[in-house]
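Chemist: please find the sequence and the predicted model below.
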Protein chains: 2
Amino acid sequence: MRDRKGGFGNDPERDKQACPVEYTLDVIGGKWKGVLIYHLMGGTKRFNEFRKICPGITQRMLTLQLRELEKDGVVHREVYHQVPPKVEYSLTEFGRTLIPIINLMKDWGKEYRDKQLEVQKYSED
Amino acid sequence: MRDRKGGFGNDPERDKQACPVEYTLDVIGGKWKGVLIYHLMGGTKRFNEFRKICPGITQRMLTLQLRELEKDGVVHREVYHQVPPKVEYSLTEFGRTLIPIINLMKDWGKEYRDKQLEVQKYSED
DNA sequence: CGGCATCCCTTAAGATACTG
DNA sequence: CAGTATCTTAAGGGATGCCG
């Protein structure tokens, strides 16, 4: 067992919860959560719309990531009980509080993607 | 991890690179990267300092995460060739451009950690 | 259409031991 | 002190098939 100085109990999540940054990353830092939230900022989306927007994601992962966002209260899932089925995903009010962060990340990503590539040149093997 | 060897031809990571949000998450979204950057905002840190601050992280993971941050140009690694060895980690200028994002994530985490717990109560039906 | 269940492989991550 | 190396386990994730 791991030596846990301070005896905080044995919840491995505690370390993350203790740091607000990690808590936030826990909500938006999943493999696809960032993009999903980002695209939801542009309006309601259906399941297959996401699949078109993110060709790399599988149904399974899309479901899992959306479920986690739903569980975290970030995304609302509206089911229309009809044939063929229709499910719409949207940001909750709570989810919208993330918009400033996502926007900042978007801006940073756009601005520094190139510069970061330059940096990498100097640290190549 | 990100493949730097070739171009973006059939790189499955391409989808992520295509979205600036995901690019940013790729840099700061690693399991421990957020906390590491966050703590580096408070000043230079040594290897074992991190281990004290983040009791849950293993040497191995700490090394790997720091190396990735270094590779991405976010963190500078200063090695003092002496006995006993001394290595200091600090944010690069590039790394400092992330500070606004980390701060925003910290604020959001602090503010909404509690509210999110409430949200979960309502989504248990 | 929008899933979920299953199988299976790959990658991430932990434990431990050892080193410059 | 600040790591590597190695092994093992846990989690992530793809492919496929079925179902409401």
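Modeler: Looks like it came in fine.

Chemist: my read is residue A:79 is in a strand, agree?
Modeler: Yes. According to DSSP: H, G, I helix; E, B strand; the rest coil, residue A:79 belongs to a strand.

Chemist: just give the number of residues close to the closest residue to it other than its chain neighbours.
Modeler: Spatial nearest neighbour of residue A:79, chain neighbours left out: residue A:87 (5.3 Å); criterion: C-beta to C-beta, 6 or more residues apart in numbering or on different chains. C-beta coordinates here come from the backbone N, C-alpha and C atoms, glycine included. Look at residue A:87: counted by other C-beta atoms under 10 Å in any protein chain shown, it has 13 neighbours.

Chemist: does stretch A:84-97 come close to DNA strand C?
Modeler: Yes. For stretch A:84-97, a contact with DNA strand C is found by C-beta under 7 Å from any atom of the strand, at A:84, A:85, A:86, A:87.

Chemist: one step back: is the residue nearest to residue A:79 in a helix, a strand, or coil?
Modeler: strand.

Chemist: would you agree it is in contact with residue A:77?
Modeler: Yes. Under the criterion of C-beta atoms under 8 Å, residue A:87 makes contact with residue A:77 at 6.4 Å.

Chemist: just the pLDDT for the residue nearest the centre of chain A.
Modeler: Nearest to the geometric centre of chain A sits residue A:33, at 2.1 Å (C-alpha atoms, centre = their mean). At residue A:33 the predicted local confidence, pLDDT, stands at 94.

Chemist: now for it: which residues touch it?
Modeler: A:27, A:65, A:68, A:69 (C-beta atoms under 8 Å, 6 or more residues apart in numbering or on different chains).

Chemist: and the gap between it and DNA strand C?
Modeler: Residue A:33 is 15 Å from DNA strand C, where distance means C-beta to the nearest atom of the strand, to the nearest Å.

Chemist: one more: residue A:92?
Modeler: Residue A:92 is 16 Å from DNA strand C, by C-beta to the nearest atom of the strand.

Chemist: that residue is in contact with residue A:73, isn't it?
Modeler: Yes. Counting by C-beta under 8 Å, residue A:92 touches residue A:73, with 5.9 Å between them.

Chemist: so which of those two has more stuff around it?
Modeler: Ranked by neighbour count (other C-beta under 10 Å), residue A:92 and residue A:73 place residue A:73 first, with 22 against 19.

Chemist: the more buried one is in contact with residue A:96, isn't it?
Modeler: No. With contact defined as C-beta under 8 Å, residue A:73 and residue A:96 do not form a contacting pair (11.2 Å).

Chemist: any idea of the mean pLDDT in whichever helix or strand residue A:100 is part of?
Modeler: Using DSSP states H and E, residue A:100 falls within helix A:99-122. The predicted model gives helix A:99-122 an average pLDDT of 81.
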